[in-house]
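Trainee: sequence unavailable; structure follows:
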């Protein structure tokens, strides 16, 4: 006997039952469920029924996931999730365009009025962010992150791997001192207030640039190739940098435990106790002169070579009458990324290679640029960077791993030239073009001073190709790292498992 085909009436009954199931659960229960569920689970739950895309009234504490995707906007207009799942972004945009006039009749909600789906997803994201920050052991807590909202609008955001973990509801392991670092992006204007936020809200301490030695081709300066970043500061927690004797913790594998370690064991040593130590008082004193005695000496010579602005707008200082504890020997895994003067922290996100890392939080609003891919553990890659990586991998033939000095420059210049032919319009060649115009005063017989590899003109002339190589090296390593973490990078460059690449230097071999 043949099976009876489902009629439209059957489908309607099923949909009604489905809708009744969701409406029978109070919103308070959905809030509770969302606080324990991962963001991808809540996102998929919301897509399962139009019930979650109804207005819940004005509520300033609820911030939208912004900007909404075509997928979410289509749901707002009353289309069903199963109907939309297999459509491309272009098809969705066309659908939205055709139905714009019917939006009000289809049950569209005002973007100023929060939806239940928005509230539930925000609750899940907040809970996830709290777990990620606690796992980071950096001193930044969920309460600290929420305090960012007290700064002027557009001052600072948390983005990068912290937010990627938050969106996926996972915890990644990372470096030596903490599972994964926390990246905070800020404008140059807001930097003093953000530093004071780190000190006051996260018990932070400035620990310098993670540098015992830096040269103009250093991997840590490779952001100058293509970004709107001015500089990167490294910060740690006070508890991480004070030992069990209430003194500054010795770096490089000291056997003494930090207060952070002791507190994990239940010691309960308060921040007030740490701030009353002699070490903290000394650190505050060191911070008063860190620009003159440290920053000017440490980075300005290389900024001259790399063509980076050195105005006082970028001086490392706290807000007026604020403290800036500083310890060059300190440890920590907070990166404070300061934009150039004309750029906002959101401008910095444009320079990210992986879209999943562009998710951000400013203390109030979560912004997820590509939610459907992000919550599915997928990410696109910025097209120009993708093309450069593909070309570099194609032309780079690892030879002697110990290329140093002028040999390293000659070695990678040939590769870079081929890449520029493959990808002629990529916006990453400024340093290379400036270097090509400079006179060459390299003297192979000069050991030091004029004409040597320590000469700033020689570094600017012959270091540009090495810096481009190191920048590409970081792109390749980051791509591999996220793929290893289980992120599907859509259309990623194909890189063989046996491909080897290392950081190079004009003055010494970097790895």
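Mentor: On my side now, so go ahead. The structure presented is a predicted model; accordingly, all values stated were derived computationally and were not measured.

Trainee: just grab the bridge partners of residue 335 for me.
Mentor: Under DSSP bridges, the beta-bridge partners of residue 335 are residue 183, residue 234.

Trainee: now do residue 336 against residue 504, distance only.
Mentor: As judged by C-beta to C-beta, to the nearest Å, residue 336 and residue 504 stand 27 Å apart. Where you see a C-beta, it was placed from the backbone N, CA and C, and this is true even at glycine.

Trainee: of the two, which one has the most company?
Mentor: Taking other C-beta atoms under 10 Å, residue 336 and residue 504 do not tie; residue 504 has more neighbours (27 against 23).

Trainee: need phi/psi at the nearest residue to residue 198 once chain neighbours are set aside.
Mentor: Spatially, and ignoring its direct neighbours in sequence, residue 198 is nearest to residue 204 (3.5 Å; C-beta to C-beta, 6 or more residues apart in numbering). The main-chain torsion angles of residue 204 are listed as degrees, to the nearest 10 and equal phi -90, psi 160.

Trainee: repeat for residue 369
Mentor: Summarising the backbone geometry of residue 369 under the convention degrees, to the nearest 10, its torsions are phi -60, psi -30.

Trainee: what's the neighbour count on it?
Mentor: For residue 369, the count of nearby residues is 19 (other C-beta under 10 Å).

Trainee: the chain should start at 18 in everything you say after this.
Mentor: Done: numbering now begins at 18, and the last item shifts to residue 386.

Trainee: distance of it relative to residue 257?
Mentor: Residue 386 is 32 Å from residue 257, by C-beta to C-beta.

Trainee: residue 187 too?
Mentor: Where residue 257 is concerned, residue 187 sits at a distance of 24 Å (C-beta to C-beta).

Trainee: one more: residue 215?
Mentor: Spatial separation of residue 215 from residue 257 under the definition C-beta to C-beta is 13 Å.

Trainee: which of the two has more neighbours?
Mentor: Using other C-beta under 10 Å as the criterion, residue 215 and residue 257 rank with residue 215 on top: 29 against 24.

Trainee: helix/strand/coil for that one?
Mentor: helix (DSSP: H, G, I helix; E, B strand; the rest coil).

Trainee: wait, it touches residue 349, no?
Mentor: No - using C-beta atoms under 8 Å, residue 215 and residue 349 do not qualify as a contacting pair, with a distance of 10.0 Å.

Trainee: which residues do those two both contact?
Mentor: 221, 252 (C-beta atoms under 8 Å, 6 or more residues apart in numbering).

Trainee: burial measure for residue 155, as a count.
Mentor: Residue 155 is flanked by 29 other residues according to other C-beta under 10 Å.

Trainee: with residue 156 instead?
Mentor: Burial measure for residue 156: 27 neighbouring residues, criterion other C-beta under 10 Å.

Trainee: tell me the pLDDT at it?
Mentor: Here, the pLDDT recorded for residue 156 equals 92.

Trainee: can you pull the contacts of it?
Mentor: 219-221, 253-257, 351.

Trainee: mind running it again at 10 Å?
Mentor: Applying C-beta atoms under 10 Å, 6 or more residues apart in numbering, we find residue 156 in contact with 150, 195, 199, 215, 218-222, 252-258, 277, 288, 349-351.

Trainee: just the buried subset of those residues, please.
Mentor: By neighbour count, with 16 or more other C-beta atoms under 10 Å, the contacts of residue 156 hold 150, 195, 199, 215, 218-222, 252-258, 277, 349-351 as buried.

Trainee: need the contact list for residue 263.
Mentor: The neighbours of residue 263, taking C-beta under 10 Å, 6+ apart as the test, are 276, 286, 290-291, 293-297.
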